[in-house]
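Colleague: could you work out the structure for the sequence below:
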Amino acid sequence: MPPRFFLTTAIDYVNSRPHLGTAYEKITADVIARYKRLCGVDTYFMMGNDEHSQNVYKRAVEQGFGTRPIEYCDRMEAEFRTVWSALDLSFDDFIRTTEARHRIAVQKLAQIAYDKGDIYEGVYEGWYCVSCEAFKQEKDLVDGKCPLHPTLTPEWIREKNYFFRLSKYRDAILKHFADHPQFLQPDVRRNEILRLLEAGLEDISMSRAGQLWGIPLPFAPANVVYVWFDALINYAAAVGYGTDDAKLAKWWPADLHIIGKDITRFHTVVWPAMLMSAGLEIPKQVFGHGWVNFGGQRMSKSLGTSLDPIDVAARFGPDPLRLYLTKEISYGGDGDFTWERYEERYNVDLANNLGNLVSRVAAMAEKFRGLRLKPASSGGRLPQVAADAVARYRKAMEQLALHEGVSAAFSIVDACNEYIAETAPWTLAKDPAQADRLSGVLFDVAEAVRLSALLLAPVMPSSSAEILRRVGESTPMRDLRLERDARWRVDGEREIVKGPAMWPRSDEESRGTARSVAKETVVEQKQSETPAPSVPVPAAPLPAAPAPAGPVDARLTIDDFMKVELRVAKVLAADAVPKSKKLLRLTVDAGTEQRTIVAGIADAYAPEQLVGKTIVIVANLQPAKLMGIESNGMVLAASTDGGKPTLVSVDESMPAGARVR
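Modeller: Below you'll find the model as predicted:
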């Protein structure tokens, strides 16, 4: 039988729209599903909505759907699907607990457990958290409050209902944990549940009396199935339990449940016991991810600390958000989101690093080879770097260390930038004897970019498809396979495609939070700093200074002049500064380091004209911010009154970092 992979996420209450923490679970699950498809595995990725909650019913009443809660749920399904579509999620099935297929599955499993003697009638009393829709033991409360919903006081409830014999299955569940060490990951979750099991289990309520919103028990129709017992069965219902035996035989048991760490007990204790009672196999693995905090505080609807994922995705698009949540949070641990950190990583990882690299490859390919690259013997190190990265990537992704997988992909990007600086294609282009070497360097860099985009495809599907198109990959994304296509290619001509910047750098002005300015170029500095222009030619006339009282010698002494450190630098990359007609951002090799310098020369030079130029910079200026970008230095340029600036340059044989005297 060919490999298959059945992946699920927790289904969500529809009493409100999903927040960014909810989206984190779905995005990371989608990354896993896309990775499995990239590996050629037949994958079934399922999500859904949990609609039989009393919180959902209460919300429906508040919204005017008191007699028609299903209409409220229909409306919320559309809202959830809108959010998931905006995040580019590729689920194969979306189940709702109000669907007929789910009701059939729930009633079948409940009847089997009842006939087996695992469900019995009794009286339950205890603390009940309305938000969790779960009973809480006294020892689990914190200052009398539910630890997950500290703003709510649990209710003491005593009612007659039906119980599931959870205690009966304690030893069997412990044995399953012992026989399957990877059943619950990460290890911190596994250890928590093992301690709970070792302390013993109590039978749990599986029905609620006096309620109409829910699935009636087949053996006691006046009672509805308790929402947690109901909800867990969705995973089997979606693949045919009770309705399609052939589908169930193909896909069950689930290979992986992705859930939040707060509901691991239900999925690794209650759910396995229910499946044992029903005679079904237990899922192969459960992964309890951490929470996404907002500025250090837990993201929660009830606490009012939620972020709408559509609002976040609207900032830069879905792919940068998917990258941030996957790369910046160690999968399994808690993470944090702030707007400032999100923008910083967008600029560093995408605008300055990957996006700039894609633009550099196209610019050099056009300038030196007319956008057509052929393999040649470059003797470079990129093939081995890529091979090592692919191996690390596969190992990390198989272990669900998603953050490490993304880091492996970005290690190729970093190596490309270093390799360009080392080989200096703009210098090779000056020597006809180095033509073959230049062709090899350019082809290798383009090939390495192709591989990095392939590895990032599960995380940034749309962006990766565009990068692959630009570096000459002709295979449709859906047909790419890791085993075949993640190997280094050394055959065939590669046609490179130019395009606009994929991720324009973000700054304060583009967010609308900077101070209003009258001029196009603004330097923001602390009061203690000295302003530093980008070029010696000011963008606007300076105000006339008051006439001195007497003659003053304004000439510099030799000591003053020697304080100015002029050095040779080579332009590695250049791009336009958003919302500016005059400014360009240059990445230069200054000999001992790479620097970003913002220069007001856009009216004289196109960015691609600058790549490879050998220029002179003032190297010891204090940093200054121009349009929100920190500029570390100043380029030397000359101009006539009202004319365009011309860069001061030196012979290209002069190494970067050489002192100009």
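Colleague: residue 599: how many residues sit nearby?
Modeller: Residues near residue 599, counting by other Cβ atoms under 10 Å, number 30. (Each C-beta comes from the backbone N, C-alpha and C, glycine too.)
Colleague: quick one: the strands in the stretch 151-300 of the chain?
Modeller: Counting by DSSP state E, counting those that start in this stretch, the stretch 151-300 of the chain has strands at residues 155-164, 184-185, 204-205, 207-209, 216-217, 220-225, 256-260, 286-289, 292-294, 297-298.
Colleague: can you list the strands that the second one pairs with?
Modeller: To tie it back to what came earlier, the one meant is strand 184-185. If you go by DSSP bridges, strand 184-185 pairs up with strand 286-289 (parallel).
Colleague: need the strands of the stretch 151-300 of the chain in JSON lines with mean pLDDT, mean neighbour count and distance to residue 365, can you?
Modeller: Below are the strands of the stretch 151-300 of the chain laid out as JSON lines (pLDDT from 0 to 100; neighbours: other Cβ atoms under 10 Å; distance: least, Cβ to Cβ, whole Å):
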{"stretch": "strand 155-164", "mean pLDDT": "82", "mean neighbour count": "16", "distance to residue 365": "65"}
{"stretch": "strand 184-185", "mean pLDDT": "98", "mean neighbour count": "22", "distance to residue 365": "44"}
{"stretch": "strand 204-205", "mean pLDDT": "93", "mean neighbour count": "20", "distance to residue 365": "64"}
{"stretch": "strand 207-209", "mean pLDDT": "88", "mean neighbour count": "21", "distance to residue 365": "66"}
{"stretch": "strand 216-217", "mean pLDDT": "96", "mean neighbour count": "20", "distance to residue 365": "67"}
{"stretch": "strand 220-225", "mean pLDDT": "94", "mean neighbour count": "17", "distance to residue 365": "62"}
{"stretch": "strand 256-260", "mean pLDDT": "98", "mean neighbour count": "22", "distance to residue 365": "41"}
{"stretch": "strand 286-289", "mean pLDDT": "98", "mean neighbour count": "25", "distance to residue 365": "41"}
{"stretch": "strand 292-294", "mean pLDDT": "93", "mean neighbour count": "20", "distance to residue 365": "40"}
{"stretch": "strand 297-298", "mean pLDDT": "82", "mean neighbour count": "12", "distance to residue 365": "47"}
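Colleague: now the ones you listed as JSON lines including distance to residue 582?
Modeller: Listed next are these as JSON lines, based on distance: least, Cβ to Cβ, whole Å:
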{"stretch": "strand 155-164", "distance to residue 582": "65"}
{"stretch": "strand 184-185", "distance to residue 582": "53"}
{"stretch": "strand 204-205", "distance to residue 582": "69"}
{"stretch": "strand 207-209", "distance to residue 582": "68"}
{"stretch": "strand 216-217", "distance to residue 582": "72"}
{"stretch": "strand 220-225", "distance to residue 582": "67"}
{"stretch": "strand 256-260", "distance to residue 582": "49"}
{"stretch": "strand 286-289", "distance to residue 582": "46"}
{"stretch": "strand 292-294", "distance to residue 582": "38"}
{"stretch": "strand 297-298", "distance to residue 582": "42"}
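Colleague: tell me which of those strands approaches residue 487 most closely.
Modeller: Closest approach to residue 487 among the strands of the stretch 151-300 of the chain is made by strand 256-260 (27.3 Å; Cβ to Cβ).
Colleague: just checking, what packs against the closest one?
Modeller: Helices and strands touching strand 256-260, as assessed by 3 or more Cβ pairs under 8 Å, 6 or more residues apart in numbering; DSSP states H and E, comprise strand 4-9, helix 20-38, strand 286-289.
Colleague: what do you get if the cut-off is 10 Å, keeping everything else the same?
Modeller: If you count contacts as 3 or more Cβ pairs under 10 Å, 6 or more residues apart in numbering; DSSP states H and E, strand 256-260 packs onto strand 4-9, helix 20-38, strand 42-50, strand 286-289.
Colleague: who touches the next helix or strand after the first one?
Modeller: Put plainly, it is strand 4-9. Moving toward the C-terminus from strand 4-9, the next helix or strand (DSSP states H and E) is strand 12-13. By Cβ atoms under 10 Å, 6 or more residues apart in numbering, the residues outside strand 12-13 that reach it are 18, 22, 25-26, 47-53, 55-56, 59, 76, 80, 131, 133, 227, 231, 301.
Colleague: average pLDDT across strand 12-13?
Modeller: Mean pLDDT, strand 12-13: 94.
Colleague: so residue 122, which state does it fall into?
Modeller: Taking DSSP: H, G, I helix; E, B strand; the rest coil as the rule, one finds residue 122 in the strand state.
Colleague: any idea how far the residue nearest to it when sequence neighbours are not counted lies from residue 234?
Modeller: Closest residue in space to residue 122, ignoring its immediate chain neighbours: residue 163 at 5.0 Å, by Cβ to Cβ, 6 or more residues apart in numbering. Distance, residue 163 to residue 234, by Cβ to Cβ, to the nearest Å: 22 Å.
Colleague: pLDDT at residue 625, what is it?
Modeller: As predicted, residue 625 sits at a pLDDT of 75.
Colleague: now do the phi/psi pair for it.
Modeller: Here is the backbone geometry of residue 625 (degrees, to the nearest 10): phi -100, psi 130.
Colleague: output the below-cut-off pLDDT ranges for the stretch 51-200 of the chain.
Modeller: 125-126, 129-139, 148-149, 151-152, 157-158 (pLDDT under 70).
Colleague: show me where it has helices.
Modeller: Using DSSP state H, counting those that start in this stretch, the helices found in the stretch 51-200 of the chain span residues 54-62, 69-86, 100-115, 170-179, 187-198.
Colleague: kindly report the same for the stretch 351-500 of the chain.
Modeller: Ranges of helices in the stretch 351-500 of the chain, per DSSP H, counting those that start in this stretch, are 355-369, 382-398, 402-423, 425-428, 435-456, 461-470, 482-485.
Colleague: ranking the ones you listed by burial, who's on top?
Modeller: Most buried of those, by mean neighbour count (mean count of other Cβ atoms under 10 Å): helix 435-456, with a mean of 24.
Colleague: and that one, how far out from the chain's middle?
Modeller: For helix 435-456, the separation from the chain centroid amounts to 25 Å (computed by Cα atoms, centre = their mean, to the nearest Å).
Colleague: just the angle between it and helix 382-398, please?
Modeller: 0 degrees (axes from the mean of the first three to the mean of the last three Cα atoms, to 10 degrees).
Colleague: quick one: neighbours of residue 583, just the number.
Modeller: Counted with other Cβ under 10 Å, residues neighbouring residue 583 total 22.
Colleague: my bad, residue 218
Modeller: 13.
Colleague: that one contacts residue 162, correct?
Modeller: No - in this structure, residue 218 is not within contact of residue 162 by Cβ atoms under 10 Å, at 11.4 Å.
Colleague: overlap in contacts of these two?
Modeller: 110, 114, 225.
Colleague: of all these, which comes closest to residue 314?
Modeller: residue 225 (39.0 Å).
Colleague: dump the residue contacts of the closest one.
Modeller: Contact analysis of residue 225 by Cβ under 10 Å, 6+ apart lists 52, 97, 103, 106-107, 109-110, 162, 206-208, 214-218, 231, 233.
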